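**Student:** curious how this folds, go ahead:
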Amino acid sequence: MNTKKNLIILLDTVHSLATDSYRTLGPGFKEDTFQKALAISFRHAGIHYLKETNIEVFFKKESLGVFRLDFIILPQKHDAWRLSNPVIIETKVASSIKNDARLQLKNYLLSIPLNSAPAINKATEGIILNWRNNLDVLDTAGENHVDIELWAMTAKTGIKLLHSKSDVES
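**Tutor:** Numbering: from 1, shown residues only. Below is the predicted model of the structure:
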């Protein structure tokens, strides 16, 4: 089980890398461009991950089909944090994190334990990462570009928000 402390350190790391990719690239790119930049940043930071991994989504324990996760951070010991279970990351480019992204993450977290792949089926936490697209093209201050939320699936309460942050807090 991942500790909340390690998850928040991971969240801060991902937020920092996503913010750096946004500040370097600038506004106006699509989600896949920011994802590619984030993947490069993960590699440079020595973070082990899977990108665009297929999972099955289930209803009453029967497969509805295959969906694609943006990222899975694999169990690992990093310089500042340690993960014993994988963490999924769903990325977006929107004006803010929307409820449909939260519902998408919830559905993934509900279905992941039913998948047979040991690399992912123990994930109970997920991150929603949003690069904001509603910024003024002349905004060069580098503020308010990235929002991020950490969610966990628990047997008792279902999905719950563990932590969130944006560049406003940085």
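**Student:** and the lengthiest helix in the chain, what other elements does it pack with?
**Tutor:** Assignment by DSSP state H gives helix 4-25 as the longest helix of the chain. Helices and strands touching helix 4-25, by 3 or more C-beta pairs under 8 Å, 6 or more residues apart in numbering; DSSP states H and E, are helix 31-44, strand 82-83, strand 87-94, strand 125-132, strand 146-154, strand 158-166. Every C-beta, even on glycine, is put in place using the N, C-alpha and C of the backbone.
**Student:** sort out which residues of stretch 99-110 are buried, please.
**Tutor:** Of the residues in stretch 99-110, 101-102, 104-109 count as buried by neighbour count, 16 or more other C-beta atoms under 10 Å.
**Student:** between those, which is closest to residue 69?
**Tutor:** residue 108 (6.5 Å; C-beta to C-beta).
**Student:** hmm, back to that, can I get the buried residues of stretch 99-110 in JSON lines including pLDDT?
**Tutor:** Listed next are the buried residues of stretch 99-110 as JSON lines, based on pLDDT from 0 to 100:
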{"residue": "101", "pLDDT": "96"}
{"residue": "102", "pLDDT": "95"}
{"residue": "104", "pLDDT": "94"}
{"residue": "105", "pLDDT": "95"}
{"residue": "106", "pLDDT": "93"}
{"residue": "107", "pLDDT": "90"}
{"residue": "108", "pLDDT": "93"}
{"residue": "109", "pLDDT": "93"}
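**Student:** one step back: residue 11: which of the helices and strands packed on helix 4-25 is closest?
**Tutor:** Using C-beta to C-beta, the nearest of the helices and strands packed on helix 4-25 to residue 11 is strand 146-154, at 4.9 Å.
**Student:** only the C-alpha atoms, please, for that closest one, written as PDB.
**Tutor:** Extracted in PDB, the C-alpha atoms of strand 146-154 (Å, rounded to 0.1, in the frame of the first residue of the first chain):
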ATOM      1  CA  VAL A 146      -1.400  23.200 -14.200                       C
ATOM      2  CA  ASP A 147      -4.000  21.700 -11.900                       C
ATOM      3  CA  ILE A 148      -3.600  18.300 -10.300                       C
ATOM      4  CA  GLU A 149      -5.700  16.100  -8.000                       C
ATOM      5  CA  LEU A 150      -4.900  12.900  -6.200                       C
ATOM      6  CA  TRP A 151      -7.700  10.400  -5.700                       C
ATOM      7  CA  ALA A 152      -7.900   7.100  -3.900                       C
ATOM      8  CA  MET A 153     -10.400   4.200  -4.100                       C
ATOM      9  CA  THR A 154     -11.300   2.800  -0.800                       C
END
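**Student:** all set, thanks.
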